[in-house]
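Asks: What shape does this take:
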Amino acid sequence: MPRYYFNTRLDDELIADPDGEELRDPDRAWEVARAMIRELLKTEGGGGALLSAIIEVTDDEGEIVLEFPFAEAILDMPDESTTRH
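Replies: The predicted model follows:
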């Protein structure tokens, strides 16, 4: 299985993922990137600078497979403040 690395870019800073994760394909890497961003936004809050960050998913060769903006991950997040009856 291919290995994907989930590097975070915030402005000019790149936080590298040294270990990566073995996943079946780029579609699964997209799902993992979205889940990572959502969890981070939940724990850290959706403040301004963080919303401008991007996860760059790369392969073993260091080629960018996909870029996932943090702001895009919140577009289809459920509203947790909605009351349920």
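Asks: hey, where'd the helices end up in this structure?
Replies: When assigned using DSSP state H, the helices of the chain occupy the ranges 26-44, 48-51, 70-73.
Asks: weakest of those by average pLDDT?
Replies: When the helices of the chain are compared by mean pLDDT, helix 48-51 comes last with a mean of 79.
Asks: Flag every buried residue along it.
Replies: Within helix 48-51, the residues that count as buried by 16 or more other C-beta atoms under 10 Å are L50, L51. For the C-beta atoms, the positions are set from N, CA and C on the backbone; glycine is no exception.
Asks: Give the other helices and strands that that helix contacts.
Replies: helix 26-44, helix 70-73 (3 or more C-beta pairs under 8 Å, 6 or more residues apart in numbering; DSSP states H and E).
Asks: between the ones you listed, which gets nearest to L10?
Replies: Nearest of the helices and strands packed on helix 48-51 to L10, taken as C-beta to C-beta: helix 70-73 at 9.1 Å.
Asks: With only the CA atoms kept, save that closest one in PDB.
Replies: Output in PDB follows, covering the C-alpha atoms of helix 70-73 (Å, rounded to 0.1, in the frame of the first residue of the first chain):
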ATOM      1  CA  PHE A  70      -8.500  24.000   6.500                       C
ATOM      2  CA  ALA A  71     -11.300  26.500   5.500                       C
ATOM      3  CA  GLU A  72     -12.700  23.900   3.100                       C
ATOM      4  CA  ALA A  73     -13.000  21.300   5.800                       C
END
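Asks: Contacts for that helix next, please.
Replies: Residues outside helix 70-73 that contact it (C-beta atoms under 8 Å, 6 or more residues apart in numbering) are A33, R34, I37, R38, L40, L41, L50, L51, S52, A53, I54, I55.
Asks: one more time with 10 Å
Replies: Helix 70-73 is contacted from outside by 8, 10, 33-41, 46, 49-55, using C-beta atoms under 10 Å, 6 or more residues apart in numbering.
Asks: Please apply the same query to stretch 49-57.
Replies: Stretch 49-57 has contacts (C-beta under 10 Å, 6+ apart) with 4-11, 13-17, 20-21, 23, 26, 29-30, 32-34, 36-37, 40-41, 44-45, 63-74.
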